[in-house]
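>>> fold the stuff below for me.
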Amino acid sequence: MSYFDAASAAPLHPVARQALLASLDEGWADPARLYREGRKARMLLDAAREAAAEAVGCRADEVVFTPSGTRAVHTGVAGALAGRRRVGRHLIVSAVEHSSVLHSAEVFEAAGGTVTQVPVDRTGAVAPSGYEAALRADTALAVLQSANHEVGTVQPVAEVAEVCRAAGVPLLVDAAQSLGWGPVEGGWSLLAASAHKWGGPSGVGLLVVRKGVRFAPQGPADERESGRAPGFENIPAIVAAVASLRAVRAEAAQEAVRLRELTERIRTRVPRLVPDVEVVGEPRRRLPGIVTFSCLYVDGETLLHELDREGFAVSSGSSCTSSTLTPSHVLRAMGVLSEGNVRVSLPPGTAEEDVERFLDVLPGAVAGVREKLGAPASAAAPEEDVLVVDALGRRCPIPVIELAKAFPGVPVGGTVRVLSDDEAARLDIPAWCEMRGQEYLGEEPADGGTAYLVRRLG
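Numbering: from 1, shown residues only. Presented below is the predicted three-dimensional model:
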């Protein structure tokens, strides 16, 4: 099996395994105790905290270990908002943040706060001016990921941090995807990360709160981890997490060059090998190992199963793989094609021959899925200038497939009215028009769903 889903969880680094096994014998006692075994555990914990601070670029007493990256985000957002409640009840996030940030925003909004989502462009990047425009006198906190988890786009954190600093607003950075590649630059105030993203064990997160940031931990008080992460520390896992972070950092510069070449190979060759594909994400400012593309007329779940049978583990933001049947909020915010979406995220050490085999297998897998779904080859000519395509009750990618089947018979200047109750159609039909050079006229209410109007330009 070729594991190409490192953005979800990287394989355990050999150094992490060694450190975990070694510290199981030394770090089992309560580090708060003064007897010998407790002192041993405290020394391991303190050393791990110092090493984590060095990797992040902060003071050791600013680092807190949490039970997960998600908990680090939840704790950081809630604590910063509570610490600055006298300033106001306004939170700023980007539209493509990880779900842990967006869920925190939902809880805050339900409790009476206000939230502003900063939009992104088609590459998934925010503009610093977007954060500047969102700032208000009552803004308590801004949040921005260092790099996107679905498309790999690197965000302008340093520029946004400067905008926030000038306004006196702290910036929390979700660095889960990027910390293994290097420290986050800029004058950020809080940072969250997760060990399983860089090859550490799951169940360890990092929360950094800079000195001077107003922070009020929420929930029952606890004497451990500065009162910010209650519960007994998992010292062996923490030691393994920090050891693996140092190890991947030592390899990062060389490995980044190699993985960039492999992902660039995928970005360049997939559109040549597979027709009707849109490669998404920033082509230059992106993480080394992530490349994402979407395929017209393809059911994302079926394609993932086909690739799995061929020995490849990949991920998808397609609504076809979602229990809610809605496309990824990241792809939706970018306004790009969501159907048949594939995210390839290569772990360090990925072999060149595995990437070549993936490129050999992919065209046949996509063609097989399209054939099963009846993707368009030709269509009968309608007699009217307005053609109605009824795709009610049918899920992605069928509405777009039916549109494409009917379109060749529509006269130039004619209109197709696609009826659909599938939420993904709201994103995928405009994306199809852009890819095909046709005019998307908008949508209007229709019995049982929505009508999407498309005009043929040529």
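>>> now stretch 101-119: average pLDDT?
On average, the pLDDT along stretch 101-119 is 97.
>>> show me what the longest helix anywhere in the chain is packed against.
With secondary structure taken from DSSP state H, the chain has its longest helix at helix 235-273. Identification of packing neighbours for helix 235-273 by 3 or more Cβ pairs under 8 Å, 6 or more residues apart in numbering; DSSP states H and E yields helix 14-26, helix 36-56, strand 277-280, strand 290-295, helix 352-373. Heads up, the C-betas are built off the backbone N, CA and C, glycines and all.
>>> any buried residues in that helix, and which?
For helix 235-273, a neighbour-count test (16 or more other Cβ atoms under 10 Å) marks 235-245, 247-249, 252, 255-256, 258-260, 262-263, 265-267, 270 as buried.
>>> ok, which stretches of this protein are helices?
Under DSSP H, the chain gives helices at 14-26, 36-56, 69-83, 99-110, 128-134, 157-166, 235-273, 300-309, 329-334, 352-373, 398-406, 425-436.
>>> which one, of those helices, ends up nearest to residue 218?
helix 69-83 (4.6 Å; Cβ to Cβ).
>>> packing partners for that closest one?
With contacts defined as 3+ Cβ pairs under 8 Å, 6+ apart, helix 69-83 has these neighbours: strand 63-66, helix 99-110, strand 139-145, strand 171-174, strand 190-194, strand 205-209.
>>> ok, which of the helices of the chain comes nearest residue 172?
helix 69-83 (5.3 Å).
>>> chain center to the closest one: distance?
Helix 69-83 sits 19 Å away from the centroid of its parent chain (Cα atoms, centre = their mean, to the nearest Å).
>>> what angle do it and helix 99-110 make?
Orientation check (axes from the mean of the first three to the mean of the last three Cα atoms, to 10 degrees): helix 69-83 against helix 99-110 gives 30 degrees.
>>> tilt between helix 69-83 and strand 139-145?
Using the same axes, to 10 degrees, helix 69-83 lies at 160 degrees relative to strand 139-145.
>>> report how many residues lie close to the closest residue to residue 124 other than its chain neighbours.
Among residues not flanking residue 124 along the chain, residue 153 sits closest, at 3.9 Å (Cβ to Cβ, 6 or more residues apart in numbering). Counted with other Cβ atoms under 10 Å, the neighbours of residue 153 add up to 28.
>>> spit out the contact partners of residue 153.
By Cβ atoms under 8 Å, 6 or more residues apart in numbering, the contact list for residue 153 reads 96, 123, 124, 125, 147, 281, 282, 285, 286.
>>> please name the bridge partners of it.
residue 286 (DSSP bridges).
>>> what's the distance between it and residue 144?
Going from residue 153 to residue 144 by Cβ to Cβ, to the nearest Å gives 12 Å.
>>> and for residue 106?
Note on residue 106: its distance to residue 144, by Cβ to Cβ, is 18 Å.
>>> okay, these two: which has more neighbours?
More crowded of residue 106 and residue 144, by other Cβ under 10 Å: residue 144, with 26 against 12.
>>> for the more buried one, name its beta-bridge partners.
Going by DSSP bridges, residue 144 forms beta bridges with residue 173.
>>> what about it, distance to residue 154?
Distance, residue 144 to residue 154, using Cβ to Cβ: 11 Å.
>>> ok, now residue 317?
Between residue 317 and residue 154 the distance is 18 Å, computed by Cβ to Cβ.
>>> pick out whichever of the two has more residues nearby.
residue 317 (24 against 20).
>>> hmm, that one is touching residue 340, no?
No. Between residue 317 and residue 340 there is no contact, the gap being 10.5 Å when judged by Cβ atoms under 8 Å.
>>> any shared contact partners between the two?
Contact criterion Cβ under 8 Å, 6+ apart; residues shared by residue 317 and residue 340: residue 300.
>>> residue 414: how many residues sit nearby?
For residue 414, using other Cβ under 10 Å, the count is 16.
>>> er, residue 367 I mean
14.
>>> didn't residue 140 look like it was pressed against residue 86?
No. Between residue 140 and residue 86 there is no contact under Cβ under 8 Å: 9.0 Å.
>>> which of the two has more neighbours?
Remark: of residue 140 and residue 86, residue 140 carries more neighbours, 23 against 7, as counted by other Cβ under 10 Å.
>>> need the contact list for the residue nearest to the more buried one when sequence neighbours are not counted.
Excluding its sequence neighbours, the residue lying closest to residue 140 (Cβ to Cβ, 6+ apart) is residue 84, at 4.1 Å. Contacts for residue 84 (Cβ under 8 Å, 6+ apart) come out as 140, 141, 170, 214.
>>> out of the residues you listed, who's nearest residue 55?
Nearest to residue 55 among the contacts of residue 84, with distances taken as Cβ to Cβ, is residue 170, at 21.3 Å.
>>> hmm, residue 77 and the closest one touching each other?
No. With contact defined as Cβ under 8 Å, residue 170 and residue 77 do not form a contacting pair (10.8 Å).
>>> what do these two both touch?
Each of residue 141 lies in contact with both residue 170 and residue 77 under the rule Cβ under 8 Å, 6+ apart.
>>> quick check on the contacts of residue 153: which are buried?
Neighbour counting over the contacts of residue 153 (16+ other Cβ under 10 Å) leaves 96, 123, 124, 125, 147, 281, 282, 286 as the buried ones.
>>> show me the contacts for residue 127.
Listed by Cβ under 8 Å, 6+ apart, the contact set of residue 127 reads 121, 156.
>>> and if you look at the one 5 residues further on?
Contacts for residue 132 were tallied using Cβ under 8 Å, 6+ apart; they are 163, 167.
>>> with the one 10 residues further on instead?
For residue 142, the contacting residues are 91, 92, 93, 131, 134, 135, 160, 164, 169, 170, 171, 172, by Cβ under 8 Å, 6+ apart.
>>> skipping adjacent residues, who's closest to it in space?
residue 92 (4.2 Å).
>>> surely that neighbour and residue 131 touch.
Yes. Under the criterion of Cβ under 8 Å, residue 92 makes contact with residue 131 at 6.3 Å.
>>> what is in contact with the two at once?
With Cβ under 8 Å, 6+ apart as the test, residue 92 and residue 131 both reach 118, 142.
>>> need the distance between the two termini of stretch 336-353.
Terminal residues of stretch 336-353 lie 30 Å apart, using Cα to Cα, to the nearest Å.
>>> next one: the residue nearest to residue 458 when sequence neighbours are not counted from residue 332, what distance?
Once flanking residues are discounted, residue 458 sits nearest to residue 412: 5.9 Å by Cβ to Cβ, 6+ apart. Look at residue 412 and residue 332: by Cβ to Cβ, they are 31 Å apart.
>>> next one: residue 154
Look at residue 154 and residue 332: by Cβ to Cβ, they are 20 Å apart.
>>> domain assignment for the chain?
The chain breaks down into these domains under automatic domain parsing: 10-248, 252-373, 386-455.
>>> got CSV for the ones you listed, with distance to residue 2 too?
Below are the domains of the chain laid out as CSV (distance: least, Cβ to Cβ, whole Å):
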stretch, distance to residue 2
domain 10-248, 12
domain 252-373, 4
domain 386-455, 25
